[in-house]
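Novice: Sequence below, structure please.
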Amino acid sequence: EFVLFDMRTKHEYEANAFASHLIIDDDELIDLMKQDYDVVQLSAAMGTNINLMLIKLNELNRMGWQLNLPYVPHSDFLKNVRPEG
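Specialist: Got it, this is the predicted structure:
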């Protein structure tokens, strides 16, 4: 399910960027990207929230990658994530 989020503060974005680097493995992500997975497929395959995946991909762009991203989510998206089960 998609929910667009607004980047509220620099601190929130930085916290989410840190979380994305901690949670999402670069090597696994790169392997899936080489298989032409889109952002929805990447999120599902890696078991992560799509907004966190978008932040990770945005961070890769900041590190010199040239990825075409549909949008960058609000930094406070984790407030709306509910655990499954």
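Novice: how about the helices in this protein?
Specialist: For the chain, the helices defined by DSSP state H occupy 10-23, 26-34, 39-46, 50-62.
Novice: Output those as TSV; include the columns distance to Asn68, mean pLDDT and mean neighbour count.
Specialist: The way it works is simple: take the backbone N, C-alpha and C, and place the C-beta from them, glycine included. Output for the helices of the chain, formatted as TSV (distance: least, Cβ to Cβ, whole Å; pLDDT from 0 to 100; neighbours: other Cβ atoms under 10 Å):
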stretch	distance to Asn68	mean pLDDT	mean neighbour count
helix 10-23	18	86	15
helix 26-34	12	93	13
helix 39-46	10	94	16
helix 50-62	9	89	20
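Novice: can you pull the contacts of Ser20?
Specialist: Neighbouring residues of Ser20 by Cβ atoms under 8 Å, 6 or more residues apart in numbering: Leu52, Met53, Ile55, Lys56, Glu59.
Novice: now it, nearest residue through space, not along the chain?
Specialist: Lys56 (3.8 Å; Cβ to Cβ, 6 or more residues apart in numbering).
Novice: Spatially central residue for this protein, please.
Specialist: Per Cα atoms, centre = their mean, the C-alpha nearest to the average position across the chain is that of Met53, at 1.7 Å.
Novice: wait, isn't that residue in contact with Ala45?
Specialist: No: assessed by Cβ atoms under 8 Å, Met53 is found out of contact with Ala45, at 9.8 Å.
Novice: Distance of Gly47 relative to Asp25?
Specialist: Going from Gly47 to Asp25 by Cβ to Cβ, to the nearest Å gives 11 Å.
Novice: between these two, who's got more neighbours?
Specialist: Neighbours per residue, other Cβ atoms under 10 Å: of Gly47 and Asp25, the larger number sits with Asp25, 12 against 8.
Novice: pretty sure Leu29 contacts Glu59?
Specialist: No: with contact defined as Cβ under 8 Å, Leu29 does not reach Glu59; the gap is 10.8 Å.
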